[in-house]
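Participant: Need the 3D shape of this:
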Amino acid sequence: MHDTVVDAVHHAVVAAAAAAFVALAVALFLLWRKKRMGATTGTDGLGSSQAPLPVLPLADVERATDGFHSSRVIGQGRHFTVYAATPGLAAKRMRPHLILGDPGGRRFPTAVRSLTVPSHPNLAALVGLSEGPGERVLLVERAPAGSVSLEALLHGASAACTQKQLPVLTWPLRAAVAAGAARGLAHLHEHGIAHGRVRPCNVLVDAAAATSRRRPRQAARVSDYGLSAFLDHEEDPGLLDVRAEGDVYMFGALLLEMMTGRRWDSGRLADWALPLIRGGTIEEVLDSRAGEPADKVESRLLARTARVALACVGNDGRSRPGMPEVSAILNDVEAAYRRRDGAEVAKVREEDDGEGRLSGCLLGPGRSVHKTDAARPSGVNDTAIQGCSS
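Facilitator: Predicted structure coming up:
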């Protein structure tokens, strides 16, 4: 009887000690996490309080992609092969030679593991990652079936695209794509993440939206955000300094490509287009494939969009607008097109009164700073803007 009581007391003490240890461990973890979240701030005032991306077992990813079978391939780039995984998800598998050829094994760094951001209709969000011997895989939200990159629509980037019936990028559709991409970038900045590689190949356009009169607000999705320091560190060390102002500059370059139909071409596009935009001769830079402006209202909408590009690329860092400001203007332009499609054209004129939103950042006569590197923010070069590397 005595031994039974002693055993019971002993077990109770052990259980209490274990419970206290677990409680202490949890408390310490929560305290560490709170301090880490409070100290997690990015460059240029960006900060993030999101939990790290979940790490999935590689075996589960292999099952979802049928062992990375070729029949599951839906896209290829210089760094990744993209596979259809579960419904709504895609697996971006890093090319093996990049992993095996790197002394560190290209293990996902903390900067990639912390790229968690709430879902948004204009974002192909990272939702998880997976690692194993010789394998690095990113899991991302899959764009709607039939989506194609803006690069392919503007420049016919790949031979595979010539086999598809690509939609014509009309001015209303370009307005919807520009507004959607701006919303996606503004959402990233709101949650402390700079994209770092804003370019047409990282904007996905829903082909169904091109044939829809309504042009849904998810017509464009921004993809491959936050990976520049991980993917480009060997080729361009300057890209390690990823800032929100760099995203704004590169978004302005993207807007110029959308308006002109021309490639960035190491900044030559800006050297040609910005003086014309500044001088008010917008019609000389417009892509003829989209057609002439239908009326004076559309001419004004295109002029507003061009001035946004001018503010993003032409201004110095102090006067460059933020993505929320850019997004607000482009949302107005998109809304004006929607109202024009379903209402009298005269009603759109009220949209032209919102130009004051950029009054503090539009380039004045003495503020022209785009001459080679003058307007370019630190950490951004023209190689970062042109070409598709993912």
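Participant: From now on I want contacts and neighbour counts done on CA atoms only, so please keep to that.
Facilitator: OK.
Participant: gap between Val137 and Glu298?
Facilitator: 44 Å (CA to CA, to the nearest Å).
Participant: Who has more neighbours out of those two?
Facilitator: Each of Val137 and Glu298 has its neighbours counted (other CA atoms under 10 Å); Val137 has more, 24 against 21.
Participant: Wait, a strand at that one?
Facilitator: Yes. Per DSSP: H, G, I helix; E, B strand; the rest coil, Val137 lies within a strand segment.
Participant: what's the pLDDT at it?
Facilitator: At Val137, the pLDDT value in this model is 95.
Participant: show me the contacts for it.
Facilitator: 91-94, 129-131 (CA atoms under 8 Å, 6 or more residues apart in numbering).
Participant: Please name the bridge partners of it.
Facilitator: Here Val137 sits in beta bridges with Arg93, Ser130, going by DSSP bridges.
Participant: gap between it and Met259?
Facilitator: Taken as CA to CA, the span from Val137 to Met259 is 35 Å.
Participant: which residues touch Ala309?
Facilitator: 251-253, 255-256.
Participant: Distance-wise, check it relative to Gly156.
Facilitator: The span separating Ala309 from Gly156 equals 23 Å under the rule CA to CA.
Participant: swap in Glu283?
Facilitator: Counting by CA to CA - Glu283 and Gly156 are separated by 23 Å.
Participant: quick revisit: pick the one among the contacts of Val137 closest to Trp171.
Facilitator: Nearest to Trp171 among the contacts of Val137: Lys92, at 32.2 Å, using CA to CA.
Participant: Find the residue closest to Ala244 in space, skipping its chain neighbours.
Facilitator: Ala194 (5.3 Å; CA to CA, 6 or more residues apart in numbering).
Participant: and Thr170, how many neighbours?
Facilitator: For Thr170, using other CA under 10 Å, the count is 14.
Participant: Backbone dihedrals for it, please?
Facilitator: phi -70, psi 170 (degrees, to the nearest 10).
Participant: what does the model give it for pLDDT?
Facilitator: So Thr170 comes in at 92 (pLDDT).
Participant: So it is in contact with Glu292, correct?
Facilitator: No. Taking CA atoms under 8 Å as the definition, Thr170 is not a contact partner of Glu292, at 10.1 Å.
Participant: Please produce TSV containing the contacts of Ala309, extended by distance to Val148.
Facilitator: Formatted as TSV, the contacts of Ala309 follow (distance: CA to CA, whole Å):
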residue	distance to Val148
Phe251	19
Gly252	21
Ala253	20
Leu255	18
Leu256	19
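Participant: Quickly check those residues for the two that are furthest apart.
Facilitator: Going by CA to CA, the pair spanning these furthest: Phe251 and Leu256, at 8.7 Å.
Participant: From Pro324, how far off is Arg307?
Facilitator: Taking CA to CA, one finds Arg307 at 16 Å from Pro324.
Participant: the more surrounded of the two?
Facilitator: Arg307 (24 against 17).
Participant: tell me which element that one falls in.
Facilitator: helix 296-314 (DSSP states H and E).
Participant: Return that helix as PDB; C-alpha atoms alone will do.
Facilitator: The C-alpha trace of helix 296-314 is given here as PDB (Å, rounded to 0.1, in the frame of the first residue of the first chain):
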ATOM      1  CA  LYS A 296     -11.000  62.500 -76.200                       C
ATOM      2  CA  VAL A 297     -12.000  60.800 -73.000                       C
ATOM      3  CA  GLU A 298      -9.800  57.800 -73.700                       C
ATOM      4  CA  SER A 299      -7.000  60.100 -74.800                       C
ATOM      5  CA  ARG A 300      -7.200  61.700 -71.300                       C
ATOM      6  CA  LEU A 301      -7.200  58.400 -69.600                       C
ATOM      7  CA  LEU A 302      -4.100  57.300 -71.500                       C
ATOM      8  CA  ALA A 303      -2.400  60.600 -70.700                       C
ATOM      9  CA  ARG A 304      -3.100  60.100 -67.000                       C
ATOM     10  CA  THR A 305      -1.500  56.600 -67.200                       C
ATOM     11  CA  ALA A 306       1.500  58.000 -69.000                       C
ATOM     12  CA  ARG A 307       2.000  60.600 -66.400                       C
ATOM     13  CA  VAL A 308       1.900  57.900 -63.700                       C
ATOM     14  CA  ALA A 309       4.700  56.100 -65.500                       C
ATOM     15  CA  LEU A 310       6.600  59.500 -65.700                       C
ATOM     16  CA  ALA A 311       6.200  60.000 -62.000                       C
ATOM     17  CA  CYS A 312       7.500  56.500 -61.200                       C
ATOM     18  CA  VAL A 313      10.500  56.500 -63.600                       C
ATOM     19  CA  GLY A 314      11.300  60.100 -64.100                       C
END
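Participant: show me where pLDDT drops low in this protein?
Facilitator: 1-50, 101-106, 157-165, 209-217, 232-242, 343-390 (pLDDT under 70).
Participant: circling back to that earlier point, can I get the contacts of Ala309 in JSON lines with neighbour count?
Facilitator: Listed next are these as JSON lines, based on neighbours: other CA atoms under 10 Å:
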{"residue": "Phe251", "neighbour count": "27"}
{"residue": "Gly252", "neighbour count": "26"}
{"residue": "Ala253", "neighbour count": "28"}
{"residue": "Leu255", "neighbour count": "25"}
{"residue": "Leu256", "neighbour count": "26"}
